[in-house]
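Engineer: Have a look; sequence and predicted model below, questions after that.
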Amino acid sequence: MDKTKIKTSCLINNYNYAEFLSEAIDSALNQTVKFDEIIIVDDASTDNSAEVINNFTQLANVKSILKEKNQGQLSSFNEGFLAATGDIIFFLDADDIYEPQYLENALNFYNRRSECDFIFCAYKKFGAVEGTFQDDAVDLDLGYSVIRTLYNAEWIGSITSTLSIRREIVRKFLPIPNIEDWRVRADDCLVWGASLVGAKKFYMSKPLVMYRIHENNQYHNKNFLDIDKNYEYKRFWKCNSLFNYILQKNNFSSPLFLAFTSINELQTIPCPKYQDFVTYLKIIFLFEHSFYWKIKGIIFLLSYFLKILINGKLKPL
């Protein structure tokens, strides 16, 4: 597929980040390959964000949604996606910045790997903290992750601004109605949602996103944990509700032969890590109801581990 045939949408979500917003929008505008549309969703900011946004809306490919009521990050994702027309959706927090080659590199990746549904990339921290965050030094095919997400709540992704997802995947879980649950950390909905509906995920090792660290960065500073001591308990139920909603929306149910399905999913990872085998072993041991399939699955998993080890395809820790 030629990259010129792929329509791209960049969704910028903003709440009271007027001081950073121009840099974020400029970084989306100044890509070496241009976005077809940039949609800025302002979540009823009380600063001068609307004024900043209005400075860009005269551009043909920039649209804005100025919400009248503050409802949180997930609400902004919902409204931005419903307004977007792109084949691939890119997400950008208003306090972060894209490197100029980000979109070009991502589209080249999607073109090389037509089976790719979801990419997250490495990033650089800047501001109050500096450094590069990489899951790995090389690009990775992470396969499918329905089972490991459903049974182990695995979070296979990264921060909002590093994420891009094919439209056909996003539409299977967005919009999500329980917006009050995800006023912050709504990237969880993107990461878990994509896994649950069967996205094939990839990691891009180039750090092409700048993640700003500042005093108002809620996730990095985890201010909400100080305010709410029961956060993790409440988060468990929010996750449970989210998973149930996505499964019901897509008419999904638990697989009949969990061990068999788990092994098939593991085999979609070309170079699995030791921890991948441990994860699937735990799932089979704990959740496979049939004793016969439990034993058979464990035996097959161990034999597959030896095969991967002997063939030199086991990725080192």
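Structural biologist: Yes, it's here.

Engineer: Could you report the neighbour count for Leu286?
Structural biologist: 11 (other CB atoms under 10 Å). For glycine as for every other residue, the C-beta is placed from the backbone atoms N, C-alpha and C.

Engineer: where's Thr279, which helix or strand?
Structural biologist: helix 274-287 (DSSP states H and E).

Engineer: Same question for Leu11.
Structural biologist: Element membership of Leu11 [criterion: DSSP H and E] is strand 8-14.

Engineer: Equivalent analysis for Phe90, please.
Structural biologist: Assigned by DSSP H and E, Phe90 belongs to strand 88-93.

Engineer: what helices or strands is that strand leaning on?
Structural biologist: Packing partners of strand 88-93 (3 or more CB pairs under 8 Å, 6 or more residues apart in numbering; DSSP states H and E): strand 8-14, helix 18-29, helix 102-112, strand 163-166, helix 167-170.

Engineer: what comes up buried for the second one?
Structural biologist: By neighbour count with 16 or more other CB atoms under 10 Å, helix 18-29 contains the buried residues 18, 20-21, 23-25, 27-29.

Engineer: and the angle from the strand holding Leu11 to strand 88-93?
Structural biologist: 20 degrees (axes from the mean of the first three to the mean of the last three CA atoms, to 10 degrees).

Engineer: Look at Phe120 and give its secondary structure.
Structural biologist: State at Phe120, reduced to three classes by DSSP: H, G, I helix; E, B strand; the rest coil: strand.

Engineer: dump the residue contacts of the residue nearest to it when sequence neighbours are not counted.
Structural biologist: Once flanking residues are discounted, Phe120 sits nearest to Ser158: 4.1 Å by CB to CB, 6 or more residues apart in numbering. Listed by CB atoms under 8 Å, 6 or more residues apart in numbering, the contact set of Ser158 reads 120-121, 123, 135, 191.

Engineer: Then Cys121?
Structural biologist: 102, 105-106, 158, 162, 203-209.

Engineer: what's the single longest strand in this structure?
Structural biologist: For the chain, the strand with the greatest residue count under DSSP state E is strand 201-213.

Engineer: returning to that earlier point: tabulate the buried residues of helix 18-29 in JSON lines, adding columns for pLDDT and distance to Asn230.
Structural biologist: Formatted as JSON lines, the buried residues of helix 18-29 follow (pLDDT from 0 to 100; distance: CB to CB, whole Å):
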{"residue": "Ala18", "pLDDT": "97", "distance to Asn230": "33"}
{"residue": "Phe20", "pLDDT": "97", "distance to Asn230": "31"}
{"residue": "Leu21", "pLDDT": "98", "distance to Asn230": "33"}
{"residue": "Glu23", "pLDDT": "98", "distance to Asn230": "36"}
{"residue": "Ala24", "pLDDT": "98", "distance to Asn230": "33"}
{"residue": "Ile25", "pLDDT": "98", "distance to Asn230": "37"}
{"residue": "Ser27", "pLDDT": "98", "distance to Asn230": "37"}
{"residue": "Ala28", "pLDDT": "98", "distance to Asn230": "37"}
{"residue": "Leu29", "pLDDT": "98", "distance to Asn230": "42"}
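
Engineer: Cheers, nothing more for now.
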